[in-house]
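A.B. asks: sequence unknown, structure follows:
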C-alpha cells in the first residue's frame, strides 16, 4: 500500500485519514487498499471549510498534534501521512489478542484530546485513560 499511497501523494492527492477503518485488503491480490476518501484533498484544490486538520486524532502525526500543527501552521508532509500508518500498528497490537478484539481496550483513543494523545505518544507519565 505505501508505494501506491506515495505515488498518489506525488500526484497531489492526499488521503488525509489513514486509519484501521480506512484500510481494506483486496482478497484477490492480498494488497492493501484505502477506502473512505471523504477527508482527502487535492493539492491546489479547494479547501474544506474548517477542516485544516482532519481524520482520526489518535493516529495523527506528532507534529500535527502540537498547537501549530492543529492550526495548520505546519505544512503537511508525506511523512505525516506515513506516521499515521505506523501508529495503526501499536493500536492493533494492543487491542487484539488471538485474533479477537479485546472489549474496552483503548476506548479512550476515540475520546481523548490532541494534547492527551501527544503526551501518550511521547511516552509521558500522563497517559490517556486508566
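C.D. replies: Structure's in. What do you need? Given the structure is predicted, the values throughout are model-derived calculations rather than measurements. Residues are numbered from 1 along each chain as shown.

A.B. asks: Kindly indicate whether residue 24 is helix, strand or coil.
C.D. replies: State at residue 24, reduced to three classes by DSSP: H, G, I helix; E, B strand; the rest coil: strand.

A.B. asks: Contacts only, for it.
C.D. replies: Under the criterion of CB atoms under 8 Å, 6 or more residues apart in numbering, the contact list for residue 24 reads 32, 33, 34, 35. C-beta coordinates here come from the backbone N, C-alpha and C atoms, glycine included.

A.B. asks: let's go with 10 Å and repeat that
C.D. replies: Shown in contact with residue 24 (CB atoms under 10 Å, 6 or more residues apart in numbering): 1, 31, 32, 33, 34, 35, 36.

A.B. asks: Distance of it relative to residue 7?
C.D. replies: Note on residue 24: its distance to residue 7, by CB to CB, to the nearest Å, is 18 Å.

A.B. asks: returning to that earlier point: ok, of the contacts of residue 24, which come out buried?
C.D. replies: residue 34 (16 or more other CB atoms under 10 Å).

A.B. asks: Just flag the most distant two among the contacts of residue 24.
C.D. replies: Between any two of the contacts of residue 24, the greatest separation by CB to CB is 17.0 Å, found for 31 and 36.

A.B. asks: Look over the contacts of residue 24 and name the one with the lowest pLDDT score.
C.D. replies: Lowest pLDDT among these: residue 1, with 53.

A.B. asks: Quick check: buried residues in the helix ranked longest in the chain?
C.D. replies: What stands out as the longest helix in the chain, according to DSSP state H, is helix 78-95. For helix 78-95, a neighbour-count test (16+ other CB under 10 Å) marks 80, 81, 83, 84, 85, 87, 88, 91, 95 as buried.
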